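A.B. asks: One predicted model, sequence on top.
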Amino acid sequence: MLSIALIVLAAVAMVALFNAKAAIQGFDERILPSVAKSLALSERVTHLAAAAPYVAEVSISARLNQEKAELLKRQDEARALAAQLPPASGSATGIPKVLSAMQVVLDDLIEFKRQDLALREEGRGRIHALSQLEHHIADMPERPRYAADHSLQLLRVALYAHNTLDLDEAERVYLAYTRSDIGLPCSAASASCCPP
């Protein structure tokens, strides 16, 4: 009788082991891939968010284009991973909205940086043009050279102005200069708007 009870207990234990094995396999097949994909998605989104400061610091248009291409690649990877998550998971429903919002922000950042780089390039071109003009002024007779040099300094003030108040001050100095016969040197303008 004891041997029959042991055989029955062994059979029950074997059935329980097979059931446990099937449950673990089901867990491995259903849950772990979702967890792995969620972790990979989290990593991709973190990389996207971490890229923003690098984009903001780019100083060359070609580098900005490279960063944009890399960001688009990362966004596509994140979307592909998000699409692989089971729709029943609660986090899968909000992910496309978050990724879309993140893309809008990154696109805006890239566009603002592109405009910033274009303005910087334009500013460098204008500074170069002013330097060329300065060389031409040096060959002029004294009285016209003084007036031209003063106008050149006012142009520099306007170019280096940080805000509209500096421009207003430059305009005030210029108007005072045009009303007088002697003119004013740049030092008479506001110190905050004179070029370094």
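C.D. replies: Everything's here; your move. Numbers count the residues shown, from 1 in each chain.
A.B. asks: So what's the gap between the longest helix along the chain and the chain middle?
C.D. replies: In the chain, assigned by DSSP state H, the helix with the most residues is helix 2-57. When distances are taken as CA atoms, centre = their mean, to the nearest Å, helix 2-57 is centred 37 Å away from the chain's centroid.
A.B. asks: Can you tell me which helices and strands it packs against?
C.D. replies: helix 61-84, helix 90-137 (3 or more CB pairs under 8 Å, 6 or more residues apart in numbering; DSSP states H and E). C-beta coordinates here come from the backbone N, C-alpha and C atoms, glycine included.
A.B. asks: Can you tell me, leaving aside adjacent residues, what's nearest to Ile127?
C.D. replies: If the residues on either side of it in the chain are set aside, Ile127 comes closest to Leu159, at 6.7 Å by CB to CB, 6 or more residues apart in numbering.
A.B. asks: Verify the contact between the one you found and Ser131 for me.
C.D. replies: No. Leu159 is not in contact with Ser131 according to CB atoms under 8 Å; the separation is 11.3 Å.
A.B. asks: Looking at these two, which is more packed in?
C.D. replies: Counted by other CB atoms under 10 Å, Leu159 and Ser131 do not tie: Leu159 has more neighbours, with 14 against 11.
A.B. asks: who touches that one in this structure?
C.D. replies: Gly123, Arg126, Ile127, Leu130, Pro195 (CB atoms under 8 Å, 6 or more residues apart in numbering).
A.B. asks: would CSV of those with neighbour count, pLDDT and distance to Ala22 be doable?
C.D. replies: CSV is the format used below for these (neighbours: other CB atoms under 10 Å; pLDDT from 0 to 100; distance: CB to CB, whole Å):
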residue, neighbour count, pLDDT, distance to Ala22
Gly123, 12, 81, 70
Arg126, 14, 84, 75
Ile127, 14, 83, 75
Leu130, 15, 83, 80
Pro195, 14, 43, 79
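A.B. asks: quick one: which of these is nearest Ser42?
C.D. replies: Gly123 (41.2 Å; CB to CB).
A.B. asks: what helix or strand is the residue nearest to that closest one when sequence neighbours are not counted on?
C.D. replies: Distances taken as CB to CB, 6+ apart place Leu159 nearest to Gly123, at 6.9 Å, with adjacent residues excluded. Per DSSP states H and E: Leu159 is located in helix 142-160.
A.B. asks: That helix versus helix 90-137: what angle between them?
C.D. replies: Here helix 142-160 runs at an angle of 180 degrees relative to helix 90-137 (axes from the mean of the first three to the mean of the last three CA atoms, to 10 degrees).
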